[in-house]
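Engineer: Show me the folded form of this:
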Amino acid sequence: MNQKGKILVVDDDRLVLATLTHGLAQAGYEVIDADNGDDAILLARQHKPDLALLDIRMEGKSGFDVAAYLREYCQIPFMFLSAFSDEATIRQVNELGALTYLIKPLDIGQIVPAVESAFANRANAASLKKSPAPNVPEAQPIEAPQASVEPQADPLKQVVALAVGIVMHRQSLSRRQALARLQQQATQEGCTMDALAERLINAQEVLAGLGSL
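Structural biologist: Numbers count the residues shown, from 1 in each chain. Okay, the predicted model is just below:
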């Protein structure tokens, strides 16, 4: 399958990272992932992605730090994924020149259209550079995101993606290996992938709860 483009995804939540990476790969993109800002910068220099998706608040270098580097030294466009939408954050997002700003929690059904729009706008911008048109309006500043009213992605597909992420990071497997492991287990137990995925996620939540006691 021809890939649509190369994307760098950065998030210090490994489950979120795995879910985004899996979903974007399924949508046809080549994905490079990092769980911290330092690795993100090294990977950006090495792989020169077409777009970066950046979490904002991370240990060490923040998403803002990474964005500033990408803009200054790599000329790589970026968008932010964050649970925060306060005035100071929005102001800094605009100052850095982000393509867009998406509020967590998100599912892949919301992120893929935003990514596809970013690639389409990039192609349009390239066309305009070849044939400049007079009085092209400047990009409008980003406003505080509102709650999405877009139809949600199929929740069962999202459940499987989350389960794949759990298996990837608990057993150090690739996405393909983790998916194959889940399919094999579902076949052995005579249940659907969705049922197995839900059971796995529920077990993960129980373990997380025990760890906080």
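
Engineer: Next, Tyr101: phi, psi?
Structural biologist: phi -140, psi 110 (degrees, to the nearest 10).

Engineer: the helices in the chain, which residues?
Structural biologist: Applying DSSP state H to the chain gives helices spanning 14-26, 37-47, 63-69, 87-96, 108-130, 155-171, 175-189, 193-211.

Engineer: These into CSV, with extra columns for mean neighbour count, distance to Leu81 and mean pLDDT?
Structural biologist: For the C-beta atoms, the positions are set from N, CA and C on the backbone; glycine is no exception. Formatted as CSV, those follow (neighbours: other CB atoms under 10 Å; distance: least, CB to CB, whole Å; pLDDT from 0 to 100):
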stretch, mean neighbour count, distance to Leu81, mean pLDDT
helix 14-26, 21, 8, 90
helix 37-47, 17, 13, 94
helix 63-69, 22, 8, 94
helix 87-96, 15, 11, 85
helix 108-130, 14, 8, 72
helix 155-171, 19, 15, 66
helix 175-189, 15, 19, 83
helix 193-211, 14, 21, 67
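
Engineer: so which of the ones you listed comes closest to Lys6?
Structural biologist: helix 37-47 (6.5 Å; CB to CB).

Engineer: How about residues contacting stretch 94-106?
Structural biologist: Contact with stretch 94-106 is made by 16, 51, 64, 67-68, 71, 77-83, 85, 90, 93, 110-111, 114, 117-118, 121, 141-142, 145, 147, as judged by CB atoms under 8 Å, 6 or more residues apart in numbering.

Engineer: That stretch: which residues count as buried?
Structural biologist: By neighbour count on 16 or more other CB atoms under 10 Å, the buried set for stretch 94-106 is Leu96, Ala98, Leu99, Thr100, Tyr101, Leu102, Ile103, Leu106.

Engineer: Return the per-residue confidence for the second one.
Structural biologist: So that's Ala98. Reading off the confidence values, Ala98 has pLDDT 88.

Engineer: try the fifth one
Structural biologist: Tyr101 carries a pLDDT score of 83 in this model.

Engineer: Just confirm Pro77 contacts Ala118, I think it does.
Structural biologist: Yes: contact criterion CB atoms under 8 Å: Pro77 and Ala118 qualify, at 6.6 Å.

Engineer: residues shared between the contacts of these two?
Structural biologist: Common neighbours of Pro77 and Ala118, counting by CB under 8 Å, 6+ apart, are Leu51, Leu99.

Engineer: Would you mind splitting the chain into its domains for me?
Structural biologist: 6-130, 155-211 (automatic domain parsing).

Engineer: just how off-centre is the last one within its chain?
Structural biologist: Going back to what we said before, that points to domain 155-211. Chain-centre distance of domain 155-211: 19 Å, with CA atoms, centre = their mean, to the nearest Å.

Engineer: and if you look at the first one?
Structural biologist: When C-alpha coordinates are averaged (CA atoms, centre = their mean), domain 6-130 and its chain have centres 7 Å apart.

Engineer: so what's Leu20 up against?
Structural biologist: Listed by CB under 8 Å, 6+ apart, the contact set of Leu20 reads Val9, Asp11, Val31, Asp33, Leu53, Leu81, Ile108, Ile111.

Engineer: May I see those organised as CSV, with distance to Ala195 added?
Structural biologist: Shown next, in CSV, are these (distance: CB to CB, whole Å):
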residue, distance to Ala195
Val9, 28
Asp11, 28
Val31, 27
Asp33, 28
Leu53, 30
Leu81, 29
Ile108, 20
Ile111, 26
